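In: Compute the structure for the input listed below.
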Amino acid sequence: MKNSFLYLFFIVLFLNVGLPGAHSQEEVRGNGQNYTMHLVRKGETIFSICKAYQIEQKDLIAANPDLVSGLKSGTTLKIPAHSSAVKPQVQKIVREPVEFYYHKIKRKQTLAEVAGLYHVSEAELLKFNPETAVEMNVGSILKIPVYKQQAAEEPAERAEKENQAPTTIPVAGVPGKFLSHQVVSGETMFGIAKKYQVTQEELLSYNPLLSAGLKTGMVLRIPDTSAGFENTTPVLQDENHKTKRPEGAGKCAPDKNNRLTHYQVGLLLPLYLKENKRLNSGSLSEPGVSANENSGLADTLLIRKVRSIYPKSENFLQFYEGVLLAVDSLQQLGMNVTLHVFDSGEDLSTVNRLIANESLNDLDLIIGPVFPEMQKPVADFAAKNHIPFVSPLAATGNLENTNSWYFKVNPGKDYLLAQTANYVGSEFVGENFIILKNGSYANSPEAKLVELCRSKLAGRNGLFHEYNLEAGGRSDLESLMRTDKTNVFVIPSESEAQVSVAVTTLNGLAEKYSVVLVGLSGYQRFKSIQVENYHKLNMQVLSPYYADYNSPLTNRVVSKYRASFFAEPSQFSFQGYDIAYYFLSALYNFGRDFSGCLLTYQLEQTQLAFHFRRTGEMGGFINQGLFVVNYTPDFDVAKLKVVGGE
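Out: Model (predicted):
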């Protein structure tokens, strides 16, 4: 039976370090030392500058102490003229594209802006994107040429080099474990395997795209046998992810003896590959991009390389990209992972076929499907085969109540409301509390929040009011407000229109009174309410998500995402990274049956706070970690605390 599901695999990304683009030849003398002055251009690094001038980095930093705080474009450096230092050779540069970046056009963005962003000319963009000469639409994808700089050579010199062994360089971030090899015309998989003393099976294992055939220009990932990679199984200890382990957690210490040599992970996402193919008829047949579903293989960045992206796939593509970054990080630490990605779509028959075709049989961890109505057959299969199943996005459904192998990342609405009421009861005792309704909420889930708040605050020296804004207007509301207390408001509604009217009214009163709005997590998604209004009301909201951009870990992930996908990570990107890193590292450290260790496995993350608790004796697990996020009057978005998981 032909398998119509496209597997998407991770492509190793390399650091590109180029020579400095221009150099000032001005020479100065100071402190008995001669210096050449160098103007730093955008994209240059300390490494590339030292390489160009053939000096040590320590000598450059000694001459320019400010470098300890970072290299900035536009500044001028003093290059010490040691006897070993030379001026950079002036070479005739030949620019030839070696690959392409892909850029999604944003609103009001011009061709000139994109050209400036990537340091190419408008003519070069038009050459590779001729359709932009007619029209450039928001959401369209432009091919951005990436050039390799090399000295122009005589034909004889070039021919001599082509007959030499290809250059091999360590893969960025994995020193001594992998080499890269760019395929040249005439090479075969047998010849490459023989050259590096590896088997063809090993080449296929680390380069799944080879199953579709060897192509000139491919960059292959080659295991460095001289480094003893296969015999090295380090404990996963990443200094970027701080782990807090309470006393008594010794039984969950990582056990190297029980680790597998290879882990198979399934990711089921609605990527809508067929819809993307229809939307971009012909675009998927570009060189290097497989459009044949029956091949079973597709480029990791397949959807990114098409001209337009099917709107419903965008968030899930970003989630997938976050997963790829996490897998790459764990591979660098020594975890051998194969990620199998299935386009699950929205049809239940799709996942049923996956199970019937035994496509999931050998997996050690399953993430997804996303939609609750499609999860039950996969979750049941996972439980039967003792495979951990992660529900990555949905907060609805209740499979965690009866499936001990089920892990729900996003807590349900009832839990959020209960924790919001607990927070109100602990933080606002003795204040002036006002339920601000703008219509009926009697039969809504928010009615439970009102009753919980009432029970938490009753008889505790505070004031408790319920006010109908629709009936009474602003003037009567002001009569309930106090100048000697904080006026704490809850709007028991998730109707964007109702919340918008209430927030507008409160903004006028916040100029005269101390006000705090205790919001619901859904408010953060409202598009018609300007965020500055939340800041004016000092809004505090309990949310499963909070990305701290002051965190070194978050900043590292942001930088890696930009370098890998040439875009800004979204909430979905962070979600994919956190989920994949957390569960894969738990799988590696504790084995499939890691559930008993999650109580003590608290890992620093980019936007989530995992505190998994079992739902019952026969049930699975649900994450109870929530952030209290404060939209402060000085326009900061701050984390006040983490609650839940008690």
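
In: list the buried ones in stretch 440-451?
Out: Under the neighbour-count criterion of 16 or more other CB atoms under 10 Å, stretch 440-451 has Tyr441, Glu446, Lys448, Leu449, Val450 buried. (Each C-beta comes from the backbone N, C-alpha and C, glycine too.)

In: swap in stretch 631-646?
Out: Buried positions in stretch 631-646, judged by neighbour count with 16+ other CB under 10 Å: Tyr631, Val637, Lys639, Val643, Gly644.

In: Mind putting the buried residues of stretch 440-451 into a markdown table with distance to Gln540?
Out: Below are those laid out as a markdown table (distance: CB to CB, whole Å):
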| residue | distance to Gln540 |
| --- | --- |
| Tyr441 | 20 |
| Glu446 | 17 |
| Lys448 | 19 |
| Leu449 | 14 |
| Val450 | 17 |
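
In: mind putting these in JSON lines, distance to Phe572, secondary structure and pLDDT included?
Out: JSON lines is the format used below for the buried residues of stretch 440-451 (distance: CB to CB, whole Å; DSSP: H, G, I helix; E, B strand; the rest coil; pLDDT from 0 to 100):
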{"residue": "Tyr441", "distance to Phe572": "30", "secondary structure": "coil", "pLDDT": "70"}
{"residue": "Glu446", "distance to Phe572": "26", "secondary structure": "helix", "pLDDT": "83"}
{"residue": "Lys448", "distance to Phe572": "29", "secondary structure": "helix", "pLDDT": "86"}
{"residue": "Leu449", "distance to Phe572": "27", "secondary structure": "helix", "pLDDT": "89"}
{"residue": "Val450", "distance to Phe572": "32", "secondary structure": "helix", "pLDDT": "88"}
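
In: Pick the one among the buried residues of stretch 631-646 closest to Gln540.
Out: Tyr631 (7.7 Å; CB to CB).

In: Distance check, that closest one against Phe433.
Out: 19 Å (CB to CB, to the nearest Å).

In: again, but for Asn403
Out: From Asn403 over to Phe433 (counting by CB to CB), the distance is 40 Å.

In: what about the two, which has more around it?
Out: A direct count of neighbours by other CB atoms under 10 Å for Asn403 and Phe433 places Phe433 higher, at 26 against 22.

In: got the contact list for the more buried one?
Out: Neighbour list for Phe433: Val424, Cys453, Leu457, Gly462, Leu463, Phe464, His465, Val488, Val490 [criterion: CB atoms under 8 Å, 6 or more residues apart in numbering].

In: right, and Gln575 touches Leu608 too?
Out: Yes. The pair Gln575 / Leu608 is scored as a contact, 7.1 Å apart, by CB atoms under 8 Å.

In: if I look at the two, which residues touch both of them?
Out: Joint contacts of Gln575 and Leu608 (CB under 8 Å, 6+ apart) are Val409, Tyr545.

In: And those two? Which one has more around it.
Out: Ranked by neighbour count (other CB under 10 Å), Gln575 and Leu608 place Gln575 first, with 26 against 22.

In: Can you give me the pLDDT of that one?
Out: Turning to Gln575, the model gives it a pLDDT of 97.

In: Now it: which helix or strand?
Out: Using DSSP states H and E, the element containing Gln575 is helix 571-590.

In: so Leu640 sits right up against Met539, yeah?
Out: No. The criterion here is CB under 8 Å, and Leu640 misses it with Met539 at 11.5 Å.

In: Mind listing the shared neighbours of the two?
Out: Common contacts of Leu640 and Met539 (CB under 8 Å, 6+ apart): Asn630.

In: pull the CA atoms of stretch 50-66 into PDB?
Out: Presented in PDB, the C-alpha positions along stretch 50-66 are these (Å, rounded to 0.1, in the frame of the first residue of the first chain):
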ATOM      1  CA  CYS A  50      40.800  38.200  13.200                       C
ATOM      2  CA  LYS A  51      40.900  35.700  10.400                       C
ATOM      3  CA  ALA A  52      41.200  38.500   7.800                       C
ATOM      4  CA  TYR A  53      44.000  40.200   9.600                       C
ATOM      5  CA  GLN A  54      45.600  37.000  10.800                       C
ATOM      6  CA  ILE A  55      45.800  38.000  14.400                       C
ATOM      7  CA  GLU A  56      44.700  36.300  17.700                       C
ATOM      8  CA  GLN A  57      41.300  37.300  19.200                       C
ATOM      9  CA  LYS A  58      43.000  38.100  22.500                       C
ATOM     10  CA  ASP A  59      45.300  40.600  20.800                       C
ATOM     11  CA  LEU A  60      42.300  42.300  19.100                       C
ATOM     12  CA  ILE A  61      40.400  42.500  22.400                       C
ATOM     13  CA  ALA A  62      43.500  43.800  24.200                       C
ATOM     14  CA  ALA A  63      43.700  46.600  21.700                       C
ATOM     15  CA  ASN A  64      39.900  47.300  21.900                       C
ATOM     16  CA  PRO A  65      38.700  46.600  25.400                       C
ATOM     17  CA  ASP A  66      35.100  47.700  24.600                       C
END
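
In: residues touching the nearest residue to Tyr272 once chain neighbours are set aside, list them.
Out: Residue nearest to Tyr272 in three dimensions, not counting chain neighbours: Ser313, with 4.2 Å by CB to CB, 6 or more residues apart in numbering. Shown in contact with Ser313 (CB under 8 Å, 6+ apart): Pro270, Leu271, Tyr272, Glu275, Asn276, Ile303.
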